[in-house]
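Q: My questions concern the predicted model and sequence given below.
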Amino acid sequence: APREENRQRDAPDGGPVRRPRTCTKKLEALCLSDRPRRWGCPATCAQQMSSSGSDSSDDDDDEVLEREAAQLRAAIKANPNAYESYLQLIQVQRKIGDLDGVRAAREQMAAIFPLSADIWMPWLEDEARLASTEAERRAVLGLYDRAVGDYLSVALWLSFCAYAEEAFVVHGLPGGLDAVRAVYERALAEAGLHFALGAELWAQFRAFERRVAEASGGGQDRVLALFRKQLRLPMAGLASVRVEFEQGVASSGTTEAGGLGGDTALQRDHARALKGADTRARLENALVEEPFATQPTQAQLAPWLDYAKFEAEQSGSSHARTLSVYERAVASWPLSLELWLAYVGFAEGSAARTVTAERLAQLYTRAVRNIGWSGTLWCGYLRNLQQAGHPDDAIQAAVQPGHTLVGTASPSALPLVGACTYQTDS
């Protein structure tokens, strides 16, 4: 059945993982230092509790939590779409201190549902704390890859970039600075156009390049190049970015021609960006942005569609800004069929020349994961698979979930999916 009744905005509270008496260093790493620990033992995780009374009480608590976990697993088995049950199970497994159980519950949930940043972030933080080998750190990087693929989140990209710095620079994973820069460039491409929050990514990238330059004794060319790119974009906070840029130009000893005042092309582009930022600020003020909310009203949805239409109509648009608006919209309202239909319609229509076949396939995959009961989306998804040249067995494998989900939510839509199935056989 449609899962909006089960889906909740809030992730598990991330409370402390209670460690068994024979807890390992890996479980110790999951304990949150800013919260009281149930066992109260110090960082030497193998220390035993001395009070038998406390042991007995904690054993009783363990039994209660184990029973609760078993009940939640049974509920999930009976209804794999019970969104809230996964969140509760993860929380209980964390309290028990069952690392394997926490991982299994998270993976099971992620296999069925796209996850919000509020759910991904504690998962990523747990695994990052546990990672101590090259293979484990690469696994964390792979987990970040999965996380940023569900919904647009500047916070997730900031965390991804920071972890890439730690893995490739601090811990010396092969790839070094180039690998970190590749993650930052991806972050800018996916989230750097966010009007209100994108500036945080640009600032973090510049800070990274500044540290690299200072450590190597090199110049600030990369830092200034990032400034010049951002100053051409219509986004919030450009005035402070310009001040910082001109201060950087002055401190680097660059001639006046390198500054904003002497660079006529940059001056022209920046003036255009400021004007565009003023226009977009008015559109931004009309938005209702509630991360991972449920169904929007028409009054809440209309400003997003108006914003996307405005971006699509801009002369010389590469459609990147329109796609960014749609990404923000579906992150706020992931269960809005109207939004997803508008998004895929734009990607297949006006933006067809700039949206790659791979990105379109990813978009349809995400759409049917969020709105699995829509026959229209499933039909578009299957048609996209066929046009992309996927083998028939892969297309047929995708048909069954569509029949199951659409048939459960809206039996009248089954003929639509059936028609698409017939097309794949022809």
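A: Right, received. Where do you want to start? Keep in mind it's a predicted model, so treat the numbers as computed, not measured.

Q: ok, and the closest non-adjacent residue to the residue most central in space within the chain?
A: Computing the C-alpha centroid of the chain and ranking residues by C-alpha atoms, centre = their mean puts V148 first, at 3.3 Å. Nearest-residue entry for V148: L156, 5.3 Å, with adjacent residues in sequence omitted and distances by C-beta to C-beta, 6 or more residues apart in numbering. The way it works is simple: take the backbone N, C-alpha and C, and place the C-beta from them, glycine included.

Q: Could I get the average pLDDT for the helix or strand harbouring V102?
A: Using DSSP states H and E, V102 sits in helix 99-112. Average pLDDT, helix 99-112: 95.

Q: what's next to it, contact-wise?
A: With C-beta atoms under 8 Å, 6 or more residues apart in numbering as the test, helix 99-112 has contacts from 17, 26-27, 30, 69, 76, 80-81, 83, 86-87, 89-90, 93-94, 115, 119, 123, 126, 130, 146.

Q: Grab the CA positions of it and hand them over as PDB.
A: Provided in PDB are the C-alpha atoms of helix 99-112 (Å, rounded to 0.1, in the frame of the first residue of the first chain):
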ATOM      1  CA  LEU A  99      26.300  -3.800  15.400                       C
ATOM      2  CA  ASP A 100      25.400  -6.500  12.800                       C
ATOM      3  CA  GLY A 101      21.700  -6.000  13.600                       C
ATOM      4  CA  VAL A 102      21.900  -2.300  13.100                       C
ATOM      5  CA  ARG A 103      23.700  -2.800   9.800                       C
ATOM      6  CA  ALA A 104      21.200  -5.400   8.600                       C
ATOM      7  CA  ALA A 105      18.200  -3.300   9.500                       C
ATOM      8  CA  ARG A 106      19.600  -0.300   7.700                       C
ATOM      9  CA  GLU A 107      20.500  -2.200   4.600                       C
ATOM     10  CA  GLN A 108      17.000  -3.900   4.600                       C
ATOM     11  CA  MET A 109      15.400  -0.500   4.900                       C
ATOM     12  CA  ALA A 110      17.600   1.100   2.200                       C
ATOM     13  CA  ALA A 111      16.800  -1.700  -0.200                       C
ATOM     14  CA  ILE A 112      13.100  -0.800  -0.100                       C
END
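
Q: got the buried residues for that helix?
A: Neighbour-count burial for helix 99-112, with 16 or more other C-beta atoms under 10 Å as criterion, is recorded at L99, G101, V102, R103, A105, R106, Q108, M109, A110, I112.

Q: Closest one of those to D263?
A: Of all these, D263 sits closest to A110, with 46.8 Å by C-beta to C-beta.

Q: circling back: from the contacts of helix 99-112, list the buried ones, please.
A: With burial judged by 16+ other C-beta under 10 Å, the buried subset of the contacts of helix 99-112 is 17, 27, 30, 69, 76, 81, 83, 86-87, 89-90, 93-94, 115, 119, 123, 126, 130.

Q: need the contact list for S85.
A: Per C-beta under 8 Å, 6+ apart, neighbours of S85: L72, A75, I76, N79.

Q: And the pLDDT at the residue nearest to the centre of the chain?
A: pLDDT, read off for V148, is 98.

Q: what do you get for the one 5 residues further on?
A: For S153, the model assigns a pLDDT of 97.

Q: Could you list the low-pLDDT ranges of the stretch 201-350 of the chain?
A: 252-259, 261, 291-294, 316-317 (pLDDT under 70).

Q: same thing but at 50, please
A: Scanning the stretch 201-350 of the chain for pLDDT under 50 picks out 256-258.

Q: Helices of the stretch 101-250 of the chain, start to end?
A: 117-130, 134-147, 154-165, 176-191, 198-216, 221-230, 238-252 (DSSP state H, counting those that start in this stretch).

Q: so how far is stretch 238-256 off the chain centroid?
A: Centre-to-centre, stretch 238-256 and its host chain are 33 Å apart (C-alpha atoms, centre = their mean, to the nearest Å).

Q: Mind exporting the C-alpha coordinates of it to PDB?
A: Presented in PDB, the C-alpha positions along stretch 238-256 are these (Å, rounded to 0.1, in the frame of the first residue of the first chain):
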ATOM      1  CA  LEU A 238      27.300  37.200  -3.200                       C
ATOM      2  CA  ALA A 239      28.300  40.500  -1.500                       C
ATOM      3  CA  SER A 240      30.300  38.800   1.200                       C
ATOM      4  CA  VAL A 241      31.800  36.400  -1.400                       C
ATOM      5  CA  ARG A 242      33.000  39.400  -3.400                       C
ATOM      6  CA  VAL A 243      34.600  41.100  -0.400                       C
ATOM      7  CA  GLU A 244      36.400  37.900   0.500                       C
ATOM      8  CA  PHE A 245      37.600  37.500  -3.100                       C
ATOM      9  CA  GLU A 246      39.000  41.000  -3.400                       C
ATOM     10  CA  GLN A 247      40.700  40.600   0.000                       C
ATOM     11  CA  GLY A 248      42.200  37.300  -1.300                       C
ATOM     12  CA  VAL A 249      43.400  39.100  -4.500                       C
ATOM     13  CA  ALA A 250      45.000  41.800  -2.500                       C
ATOM     14  CA  SER A 251      46.800  39.400  -0.100                       C
ATOM     15  CA  SER A 252      48.000  37.200  -3.000                       C
ATOM     16  CA  GLY A 253      49.800  40.100  -4.600                       C
ATOM     17  CA  THR A 254      47.800  39.700  -7.800                       C
ATOM     18  CA  THR A 255      47.700  42.900 -10.000                       C
ATOM     19  CA  GLU A 256      44.500  44.900 -10.000                       C
END
